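Colleague: sequence unknown, structure follows:
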C-alpha cells in the first residue's frame with residue numbers, strides 16, 4: 001500500500017552526503033529511500049524507548065466513576081466527607 005509522500009529539502013554536511021552516496025551505490029536504492037529508511041528506523045526506536053519508559057506504567061491506574069474530579073478537584077480534596 002503506497003502512502004502519500006511529501007517533498008522536502010535538507011542540507012547535508014559533506015561527510016553525510018558521501019556516506020549516503022556510498023550506501024546508495026551498495027544497496028542500489030535512491031538517496032531519498034535511504035533517508036526515509038533511516039528516519040523510520042530512528043522514529044521506531046524512539047517509540048519503543050517511550051513504551052519502555054516507566055511512566056507509561058501508571059497510565060490507566062486510576063479508575064473513576066465519571067465525576068468531574070479534574071475540573072472540580074478542590075471540592076473533592078477539601079470538602080467534608082460524608083459519614084457512612
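Modeller: Done, it's in. This structure is a prediction, so every number in the text was calculated from the model and none was measured. Residues are numbered from 1 along each chain as shown.

Colleague: Residue 41 in helix, strand or coil?
Modeller: Here residue 41 is recorded as helix under DSSP: H, G, I helix; E, B strand; the rest coil.

Colleague: Same check on the one 3 residues further on?
Modeller: Using three-state DSSP, the three-state assignment for residue 44 comes out as helix.

Colleague: burial count for it?
Modeller: Using other Cβ atoms under 10 Å, the number of residues around residue 44 comes to 10. C-beta here means a position set from N, CA and C on the backbone, and glycine is covered the same way.

Colleague: ditto for residue 7
Modeller: Using other Cβ under 10 Å, the number of residues around residue 7 comes to 5.

Colleague: roughly how far apart are it and residue 60?
Modeller: When Cβ to Cβ, to the nearest Å is applied, the distance between residue 7 and residue 60 equals 40 Å.

Colleague: Equivalent analysis for residue 48, please.
Modeller: Noted for residue 48: a distance of 20 Å to residue 60, by Cβ to Cβ.

Colleague: By mean pLDDT, point me to the weakest helix or strand of the chain.
Modeller: For the chain, the helix or strand with the lowest mean confidence is helix 73-78, at a mean of 80 (criterion: mean pLDDT, DSSP states H and E).

Colleague: and that helix, what does it pack onto?
Modeller: Counting contacts by 3 or more Cβ pairs under 8 Å, 6 or more residues apart in numbering; DSSP states H and E, helix 73-78 is packed against no other helix or strand.

Colleague: In the protein, where is pLDDT below threshold?
Modeller: Residues of the chain meeting the criterion pLDDT under 70: 1-2, 49-51, 56-57, 59, 81-84.

Colleague: Identify the residue nearest the geometric centre of it.
Modeller: In the chain, the residue lying closest to the centroid (Cα atoms, centre = their mean) is residue 47, at 4.9 Å.

Colleague: Give me the buried positions along the helix or strand encompassing that residue.
Modeller: For residue 47, the enclosing helix or strand under DSSP states H and E is helix 31-52. Applying a neighbour-count criterion of 16 or more other Cβ atoms under 10 Å, one finds 34-35 buried in helix 31-52.

Colleague: for it, packing partners?
Modeller: By 3+ Cβ pairs under 8 Å, 6+ apart, helix 31-52 packs against helix 14-27.
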